[in-house]
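S.K.: I'd like to go over a predicted model; first the sequence, then the structure.
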Amino acid sequence: MNGKINSNKSAKFIYYTCFLTLQMSEPNLNIGKGEMQRGSIHCGELEDGTSVTIPYFVMRGIRKKPVLLLNAALHGEELNGIEVINRIFETINPLELKGTIIGVPVVNTLAFRARSRVDPIDGKDLNRVFPGKKDGTITERVAYTFFNKFVKRADFGIDLHTGMKGHLLIPHPRVRTYKDFSPSLEYSRALGTEIIFYHEGSKGMLTIEAGKIGIPVVCFEIGEAGRLDEYFIDAGMKGVINFMKYFGILDGEPEIPEKQILLKNYKEVVSQYGGLFYPKVKAGEVAKKNQFIGIIKSPFTGEKHYVRAFTDCLIIGVRSQPVVRAGTSVAWIMTFEEGNILPSLQNKNLLKLPSKMVSITKEKGIELKE
């Protein structure tokens, strides 16, 4: 048995009848039109000899190229992206696909098993050690295997993330720069979100290290760690489908806002008191300077302290875990002073949508640069 499924039925049928997982030295992309295969790649061993592997799916359409890599759970507790990738493979008919998709729902399997951001024994952040080390710690070996066996086989990719636990983020791509590296905005804009987050990243991030060797990988944030949320899963699906349509992997018009806003850097709104945090805004709202963001209330005395926005801003994330200390971040904001409206994309086959965020800022008297 070779693990291949060849069927002219729906991708959902193919997904559920893919009965054999192959352990190989590298993902097999040499499969026939309309076929799907799943397998796993060995990265190293644990103390009891258990093999650490990276499971994956491959789906080939009517052409081999281009190759799109979809991955999630570089941080093991970030779950929404896992479901996005599974649903892509359940719903897409490979015979309507013009290219190949590699899906890696869980890259960091050790952190995933531990329900943790990182492997608790190794302690290294997988998204800070790319391109990894062949003879390094187990996390560095996972990074090395993933980078060399998967990333280098792709033409481009989408790296699905969420905010950390207690840190709920609106759907948006993060464009990360580093020293003399500045990626093209086109790949992030193809997801079709209104907000594009632009800031300096860190050495060892997947998007930076892949981009430096000419493979554009977009970081796509959708929601909060430790939860499966249908709203953010749907947003992730929509972004991936938009990307595939924009680059011709699927037929159809991607839904792209007529005006997309580029915002740079972010600031944290920090509590000056301990207690319980009661948010008064939601992620995705526009707040004016001095607007209430939330209330810190002492559970022992009932004393209240009000948290306000210190500038006109977009609330990109809100703390969802209520217990805070002095110094705890309760909201994450992006100021409009460091942002601007991007020129329209020139792709002729776009379905351009009204830009709600631009309308909201105008209604609140906030001027955006074009």
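M.R.: Here it is on my side, so go on.
S.K.: Could you list the domains of this structure?
M.R.: With domains defined by automatic domain parsing, the chain comprises 5-261, 267-338.
S.K.: could you list every residue that touches residue 86?
M.R.: 103, 105 (CB atoms under 8 Å, 6 or more residues apart in numbering). C-betas here are computed from N, CA, C, even on glycine.
S.K.: Which strand or helix spans it?
M.R.: helix 80-91 (DSSP states H and E).
S.K.: mind listing what's buried in that helix?
M.R.: Using 16 or more other CB atoms under 10 Å as the test for burial, helix 80-91 gives 80-89.
S.K.: sorry, back to before: looking at the domains of the chain, which is buried most?
M.R.: Using mean count of other CB atoms under 10 Å, the stretch among those with the largest mean neighbour count is domain 5-261, at a mean of 19.
S.K.: ok, back up a step: format the domains of the chain as a markdown table; extra columns: mean pLDDT and distance to residue 349.
M.R.: Listed next are the domains of the chain as a markdown table, based on pLDDT from 0 to 100; distance: least, CB to CB, whole Å:
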| stretch | mean pLDDT | distance to residue 349 |
| --- | --- | --- |
| domain 5-261 | 92 | 5 |
| domain 267-338 | 94 | 28 |
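S.K.: Would you mind giving those domains as JSON lines with distance to residue 362 added?
M.R.: Below are these laid out as JSON lines (distance: least, CB to CB, whole Å):
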{"stretch": "domain 5-261", "distance to residue 362": "11"}
{"stretch": "domain 267-338", "distance to residue 362": "10"}
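S.K.: With residue 356 as the reference, name the closest of those domains.
M.R.: Ranking the domains of the chain by proximity to residue 356 (CB to CB) places domain 5-261 first, at 6.7 Å.
S.K.: my guess is residue 75 meets residue 161, correct?
M.R.: Yes - if you go by CB atoms under 8 Å, residue 75 and residue 161 touch, sitting 7.0 Å apart.
S.K.: Of all the domains of the chain, which one is nearest residue 346?
M.R.: It is, among the domains of the chain and with distance given as CB to CB, domain 5-261, at 9.7 Å.
S.K.: Okay, strands next: where are they in the stretch 51-200 of the chain?
M.R.: Ranges of strands in the stretch 51-200 of the chain, per DSSP state E, counting those that start in this stretch, are 51-60, 67-72, 100-104, 156-163, 167-177, 195-200.
S.K.: if we can go back for a sec, show me which pair in the buried residues of helix 80-91 is furthest apart.
M.R.: Farthest-apart pair in the buried residues of helix 80-91 is 80 and 89; separation 15.6 Å (CB to CB).
S.K.: Can you tell me the closest non-neighbouring residue to residue 303?
M.R.: residue 297 (7.2 Å; CB to CB, 6 or more residues apart in numbering).
S.K.: what's near enough to touch that neighbour?
M.R.: 275-276, 278, 303-305.
S.K.: Restricted to strands, list the residues you listed.
M.R.: Residues of the contacts of residue 297 located in strands (DSSP state E): 275-276, 278, 304-305.
S.K.: Helix, strand or coil: sort out the most far-flung residue of the chain relative to its centre for me.
M.R.: Centroid-distance maximum for the chain: residue 301 at 41.0 Å, with CA atoms, centre = their mean. Recorded secondary structure, residue 301: coil (DSSP: H, G, I helix; E, B strand; the rest coil).
S.K.: could you pull out the helices for the stretch 251-370 of the chain?
M.R.: Per DSSP state H, counting those that start in this stretch, the stretch 251-370 of the chain has helices spanning 356-363. These are given in chain order.
S.K.: Okay, strands next: where are they in it?
M.R.: Ranges of strands within the stretch 251-370 of the chain are 255-257, 261-264, 267-270, 275-279, 286-287, 292-297, 304-308, 313-319, 323-324, 329-335, 339-341, 351-353, based on DSSP E, counting those that start in this stretch.
S.K.: Which of the ones you listed sits closest to residue 238?
M.R.: Nearest to residue 238, of all the strands of the stretch 251-370 of the chain, is strand 255-257, at 7.3 Å by CB to CB.
S.K.: which secondary structure elements does that closest one contact?
M.R.: Contact here means 3 or more CB pairs under 8 Å, 6 or more residues apart in numbering; DSSP states H and E; on that basis strand 255-257 packs against helix 230-246, strand 351-353.
S.K.: Nearest to residue 43, out of these?
M.R.: For residue 43, the closest of the helices and strands packed on strand 255-257 is helix 230-246, at 25.4 Å, according to CB to CB.
S.K.: quick one: residue 83 and residue 233 touch, right?
M.R.: Yes - using CB under 8 Å, residue 83 is in contact with residue 233, at 5.1 Å.
S.K.: Pull out the CA atoms of stretch 292-312 and give them to me as PDB.
M.R.: Extracted as PDB, the C-alpha positions of stretch 292-312 are listed here (Å, rounded to 0.1, in the frame of the first residue of the first chain):
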ATOM      1  CA  PHE A 292     -12.900  53.900  28.700                       C
ATOM      2  CA  ILE A 293     -11.200  50.600  27.800                       C
ATOM      3  CA  GLY A 294     -12.100  48.800  31.000                       C
ATOM      4  CA  ILE A 295     -12.400  48.800  34.800                       C
ATOM      5  CA  ILE A 296     -10.100  47.300  37.400                       C
ATOM      6  CA  LYS A 297     -12.200  46.300  40.500                       C
ATOM      7  CA  SER A 298     -10.800  45.100  43.800                       C
ATOM      8  CA  PRO A 299     -12.500  41.800  44.700                       C
ATOM      9  CA  PHE A 300     -12.000  42.600  48.400                       C
ATOM     10  CA  THR A 301     -13.000  46.300  48.700                       C
ATOM     11  CA  GLY A 302     -15.000  47.000  45.500                       C
ATOM     12  CA  GLU A 303     -12.800  49.900  44.800                       C
ATOM     13  CA  LYS A 304     -12.800  50.700  41.000                       C
ATOM     14  CA  HIS A 305     -10.000  52.100  38.800                       C
ATOM     15  CA  TYR A 306     -10.800  53.200  35.200                       C
ATOM     16  CA  VAL A 307      -8.500  52.300  32.300                       C
ATOM     17  CA  ARG A 308      -8.600  54.800  29.400                       C
ATOM     18  CA  ALA A 309      -7.100  54.900  25.900                       C
ATOM     19  CA  PHE A 310      -4.200  57.300  25.900                       C
ATOM     20  CA  THR A 311      -4.500  58.100  22.200                       C
ATOM     21  CA  ASP A 312      -6.900  57.500  19.200                       C
END
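S.K.: Right, I'll leave it there.
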